[in-house]
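Colleague: Got a predicted model here, sequence first, then my questions.
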Amino acid sequence: MATKADVRLPRARRLLNQHDFRAVYQRGQRAGGQWLTVVALRRRPRAGEAAPTESRLGVSVSKDHGGAVRRNKLKRLLREAFRLERHLLPAGVDVVLIPRQRPENFPLAELRAEVARLVPKALQGGERRRPRP
RNA sequence: CUUGGUCCCUGGACGGCCGCCGGCGGCUUCGGCCGCGGGAGGAAAGUCCGGGCUCCACAGGGCAAGGUGGUGGGCAACGCCCACCGUCCGUGAGGACAGGGAAAGUGCCACAGAGAUCAGACCGCCGGACGGCCUGCGCAAGCGGGCGACGGCAAGGGUGAAACGGUGAGGUAAGAGCUCACCGCGCCCCGGGCGACCGGGGCGGCACGGCAAACCCCACCUGGAGGAAGACCGAAUAGGAGGAUCGCGCGGCCCGCGCUGUGGUCCUCGGGUAGGUCGUUGGAGGCCGUCCGCGAGGGCGGUCCUAGAGAAAUGGCCGUCACCGCCGACGAGGCGGCACCAGAACCCGGCUUACGGGGACCAAGCUUU
RNA sequence: UGCCCCGUGGUGUAACGGUAGCACAACAGGUUCUGGUCCUGUUUGUCAAGGUUCAAAUCCUUGCGGGGUAA
């Protein structure tokens, strides 16, 4: 491969407002693993775009996971897992990662494996869900 | 050495690769790219106080409500800090204290107990003029004992958290500040201290229980809300006000009037939702030196710039060293860990709570010289 | 992030500063052939730590936990 894989994760590749999150939750599809739940939505091409390019990430960590230090750590791990796996995933997908509640620390290798496995599974309609009201 | 007390410091170091956020500079096809340097804490926490800042309210004063409460000082201010005083705790180093007023008033003090604040008399102690009853000795006069009523007393017993001050002596029928000494208490005087208070002397002769984190009184302080404060810009859609023009109706025409859920088109205006910009990072700032001060702290000089997000930036992988644990002899070496409490959201000063490590000084006990 | 409120057995609630009650639940016994109903009895509590007071669920301070509210 001539060019190195793009492993950067700037703000443009993040879900940042309520509008985007609501779209993924309402029309996306879910897949669950033992470390996290994935909600994925194949984004429609914007006007002027031939095909959607960048896949984007959203993270949702509830207060049940503990104090601010532990929650921040979790978000960083989830971002890192997505950052390193993104170029192997289908393009043009909005993904929300929701960690499960577990008492022990989350290993990065496990998170990377589940992201790589669950995102395609969700896109194939593994666990289709009715849109929420 | 052990146990304990006080005060202070600290919260790994260096480097490589891949990323994140914002700053400056350059380039740009305006999407972004490149370079340089910056990027969590001592508690960032709890939100318990005090300020700055913003908006609202406000002539002045009083009342209400809330807070603080030894004295002097520090501070922008404080309920914080320092020094000192008093009381209590500790063998001690030291520690704790909302620590003004209970002779301005109101209220409360359960249970127990005779009596709980205008104190009180159950058991008891004592007295003798009375004379009631019973009774011993005696021939009798009379002498005596017990009970009752009457009177004196509050020492002792007992209750209680607390009983019109404590201990001792004198005194007395028994007693009692009744008297005396000491202590306590109150008042006055003298001396020391800016003061809280301290020391000494005299007098009084006990009168003054506790609770004000009960109401309250006194002194001092406080307007309310909070950065999601607040200021500005502002789509789409819906709706409002004004104007121009066109159409229709009344009318012969102009002017004018009308369009009954107030006609069409265009323009202007203000309000305002989504969203955005500012507020928003340099300050009662840190460090060093020096002077003043017991100290908290202050003056002067020099020097440094130190996060700024908005579904919310500090992460991942790796190496060397330091540190800790285990196996080796605490050595070489090997293996493992790299912590704990915890994450800035307007900013400061404190307090409180959580937590890893280290140092200095001091006390008591033991041991050695 | 700011502001506000609350805390009593397993649950819902009472208690001028003076014995922590009440109802349901739970458990045991009785009644019954068995279960239910009913009767009798028992267990379990002041969120924690300090302070004030003779005495604290109550008053004060600090902490902990839970809830509400402001786009």
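Modeller: Sure thing, it's come through.

Colleague: and residue A:41, how many neighbours?
Modeller: Neighbouring residues of residue A:41 were enumerated by other CB atoms under 10 Å; the total is 21. Every C-beta, even on glycine, is put in place using the N, C-alpha and C of the backbone.

Colleague: who does the helix or strand containing it pair up with?
Modeller: Using DSSP states H and E, residue A:41 falls within strand A:36-42. Strand A:36-42 has the following strand partners under DSSP bridges: strand A:29-32 (antiparallel), strand A:93-99 (antiparallel).

Colleague: So what's the model's average confidence on stretch A:101-114?
Modeller: For stretch A:101-114, the mean per-residue pLDDT is 83.

Colleague: Would you mark the buried spots in that stretch?
Modeller: Neighbour-count burial for stretch A:101-114, counted by 16 or more other CB atoms under 10 Å, picks out A:106, A:111, A:112, A:114.

Colleague: Now do the contacts for the closest residue in space to the third one that isn't next to it in sequence.
Modeller: Which is residue A:112. Leaving aside its sequence neighbours, residue A:112 sits nearest to residue A:81 (CB to CB, 6 or more residues apart in numbering; 4.7 Å). Residue A:81 makes contact with A:97, A:108, A:111, A:112, A:115, according to CB atoms under 8 Å, 6 or more residues apart in numbering.
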